[in-house]
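Chemist: Sequence below, structure please.
(2 chains)
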Amino acid sequence: MSTDKQKPASSSCIACGLRFRGISATRIILWLGAITLVSFAIGFCILALSGNFPPTPGHDLTPFRQGSTLVPNTTTVPLDGATVGDVQLTLGAGDLTLQGSAPDDALMEATIFSQAAEWQPELVQTTNASRKFVTLIEKGHKGKEWFAVDSPNRWDIDLNNKIPLRLDVTVGAGDTLVSLGSLNLESLAVHTGAGDTTVDLGGYHGGRFDAVIKNGVGDLTLRIPKDSNTRIQVHNGIGDISDDHGLVQHDDTYMTDGFNTSLAVNEITLNQGVGSISLETV
Amino acid sequence: MLQTEQEYIRILRSRLEGTLPHDELDDILSDYTEHFRIGKANGRSEEELFCSLGSPEDVAREIRATHFVKKAEDTRSCRNIFHAVLATLGLGLFNLVFVLIPFILLVVLLFVVFILGIVFTVLGPVAFIYSVLQIAGIPAFAIWLSPAAGVFFSIGITSFGLLLVLGDYYLAKFFYRIGIRYLKWNIGVISGTECVT
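Modeler: The predicted structure follows:
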């Protein structure tokens, strides 16, 4: 009275051991386990090197960024009687929008959108006689770039329209929109690593200035007023140059119509790595 | 109320037909016929023999359960273990608690581990791409505290996912083996024997 008299069962795929190209499943499991452990160990070591491990109070143990809401923080830098400004902005990664609409008694009004409080930039301001120096720098940008920068920041910067300014803008990665038409510039330096950059000087009627614009990877747009006396020296790497025929070209030099060296000249030097350059007159 | 040995055998046959192969069914029925013959030769009445064997419906259920468990043991497949569990459920209502619930819990556990494995295996490469894009400096993809660490965490997540999928396979094999033993023990307890072979 038994049911033992069954025929031998045929072997199935599930019954036989897993083998992949001659490597046993046990070995694969051991390798996967080792890779998992080593990967996580290295990951936590890097977090420790970048100061994110062990977790601080209020921050859980996670390799991910916490909080997805951008929190704005507005800071106003007063003029304090200064008649000339020197502004230096350094953003490791993020989007920068710069324009001239700060209050008359302020040199700069900066609104910083950041996902975490610790990524708020460092503000340094000093006054030397009539010149006021302001430096706004992303803290993570100093040293250890590879480990801790790249905070998804957005900076909206308003500058004073009246006083002459020396402006130095550095953006590691991200889109940069610099609208300078209403400003009064002494000099301009824009350095961007990766991302699209737009420097808009449309409507500019301030003093003469020299400008250096360097863009690593990304498209660069330069907008200048038609009626200005501007000369643009272009050094481009890989990419096209286009202009809207409002400029006169001589080799790598572009000049506004009616350019006259005997008058005050705005000199702009463009250095482009990879990406197209668009020159526009407005 | 059973009247004769033939009626007993007829009911047993009708309950087992379609479940067991014909030759096996014939063997079992001949065993029962022999059992009756020997019992009668020893002076026992048919009623006594009916009483000692149990009802043909119960005997048929027990044979079915044993058959399906044996089949699941010989040929491992989801279908076979499912049939074995169903056949064992027929042995008594209490097996809803002692067989069905543990079976469902194990299936859910294996399913969850498998899904987790798939999710990790898929998310790992996605997180890796995010790390690379974050290193490239694209803020929209900045999900990691450190993109360099993210590269290694992504690799770890992927391999952990693969580990879960593979581990799920071996876990399933382990539970299958344990499950068969448990079903055999269960049938043995119900049929009143220590061991069902």
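
Chemist: Domain map for the chain?
Modeler: Just going to use chain A. A:13-60, A:71-281 (automatic domain parsing).

Chemist: let's do chain B instead
Modeler: Domains of chain B are assigned by automatic domain parsing as B:1-54, B:76-191.

Chemist: name the helices or strands packed onto the longest helix seen in chain B?
Modeler: Across chain B, the longest stretch assigned as helix under DSSP state H is helix B:147-191. Counting contacts by 3 or more C-beta pairs under 8 Å, 6 or more residues apart in numbering or on different chains; DSSP states H and E, helix B:147-191 packs against helix A:25-49, helix A:145-148, helix B:56-74, helix B:78-89, helix B:101-135. Where C-beta positions appear, they are placed from N, C-alpha and C, glycine not excepted.

Chemist: Low-confidence ranges, the chain, go.
Modeler: Let's take chain A. Counting by pLDDT under 70, the low-confidence segments of chain A come to A:1-22, A:54-61, A:65-71, A:115-119, A:139-152.

Chemist: Let me rephrase: I mean chain B.
Modeler: Applying pLDDT under 70 to chain B flags residues B:1-3, B:137-142, B:192-197.

Chemist: State the distance from the spatially most central residue of it to B:Val69.
Modeler: What sits nearest the mean C-alpha location of chain B, by C-alpha atoms, centre = their mean, is B:Ile81, with 3.2 Å. Per C-beta to C-beta, to the nearest Å, B:Ile81 is found 9 Å from B:Val69.

Chemist: which residues are common contacts for these two?
Modeler: Contact criterion C-beta atoms under 8 Å, 6 or more residues apart in numbering or on different chains; residues shared by B:Ile81 and B:Val69: B:Ile180.

Chemist: For the helix or strand containing A:Thr192, which strands pair with it and how are they oriented?
Modeler: Taking DSSP states H and E as the criterion, A:Thr192 maps to strand A:184-194. Strand A:184-194 has the following sheet partners, assigned by DSSP bridges: strand A:164-173 (parallel), strand A:210-217 (parallel).

Chemist: Those strands into JSON lines, with extra columns for distance to A:Val190 and mean neighbour count?
Modeler: Shown next, in JSON lines, are the strands paired with strand A:184-194 (distance: least, C-beta to C-beta, whole Å; neighbours: other C-beta atoms under 10 Å in any protein chain shown):
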{"stretch": "strand A:164-173", "distance to A:Val190": "5", "mean neighbour count": "22"}
{"stretch": "strand A:210-217", "distance to A:Val190": "5", "mean neighbour count": "20"}
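
Chemist: List the buried residues of stretch B:79-92.
Modeler: B:Asn80, B:Ile81, B:His83, B:Ala84, B:Val85, B:Ala87, B:Thr88, B:Leu89, B:Gly90, B:Leu91 (16 or more other C-beta atoms under 10 Å in any protein chain shown).

Chemist: Could you check how far the last one is from B:Trp185?
Modeler: So that's B:Leu91. From B:Leu91 over to B:Trp185 the distance is 12 Å, taken as C-beta to C-beta.

Chemist: now B:Thr33, nearest residue through space, not along the chain?
Modeler: Counting by C-beta to C-beta, 6 or more residues apart in numbering or on different chains, B:Thr33 lies nearest to B:Ile9, which is 6.4 Å off, once chain neighbours are set aside.

Chemist: oh sorry, the question was meant for A:Thr198
Modeler: Distance criterion C-beta to C-beta, 6+ apart; nearest residue to A:Thr198, sequence neighbours excluded, is A:Thr221 at 4.4 Å.

Chemist: what's the distance between that neighbour and A:Gly195?
Modeler: 12 Å.

Chemist: Please say which of those two ends up with more neighbours.
Modeler: The residue with more neighbours, out of A:Thr221 and A:Gly195, is A:Gly195; 24 against 17, by other C-beta atoms under 10 Å in any protein chain shown.

Chemist: I figured that one hits A:Gly174, correct?
Modeler: Yes: the pair A:Gly195 / A:Gly174 is scored as a contact, 4.7 Å apart, by C-beta atoms under 8 Å.

Chemist: Assign a three-state SS to A:Trp155, would you?
Modeler: What DSSP: H, G, I helix; E, B strand; the rest coil gives for A:Trp155 is strand.

Chemist: Find the nearest non-adjacent residue to it, please.
Modeler: Counting by C-beta to C-beta, 6+ apart, the nearest residue to A:Trp155 once its immediate chain neighbours are dropped is A:Leu96, at 4.9 Å.

Chemist: and the host helix or strand of the one you found, how far out from the chain's middle?
Modeler: Assigned by DSSP H and E, A:Leu96 falls within strand A:84-99. Remark: strand A:84-99 is offset 10 Å from the chain centroid, using C-alpha atoms, centre = their mean, to the nearest Å.

Chemist: Partner strands of it, with direction?
Modeler: strand A:131-137 (parallel), strand A:153-159 (parallel), strand A:164-173 (parallel), strand A:176-179 (parallel).

Chemist: List the contacts of A:Gly193.
Modeler: Residues counted as contacts of A:Gly193 (C-beta under 8 Å, 6+ apart) are A:Val171, A:Gly172, A:Ala173, A:Gly216, A:Val217, B:Gly137.

Chemist: how about these in JSON lines, adding distance to B:Arg13?
Modeler: Formatted as JSON lines, those follow (distance: C-beta to C-beta, whole Å):
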{"residue": "A:Val171", "distance to B:Arg13": "87"}
{"residue": "A:Gly172", "distance to B:Arg13": "84"}
{"residue": "A:Ala173", "distance to B:Arg13": "81"}
{"residue": "A:Gly216", "distance to B:Arg13": "86"}
{"residue": "A:Val217", "distance to B:Arg13": "83"}
{"residue": "B:Gly137", "distance to B:Arg13": "79"}
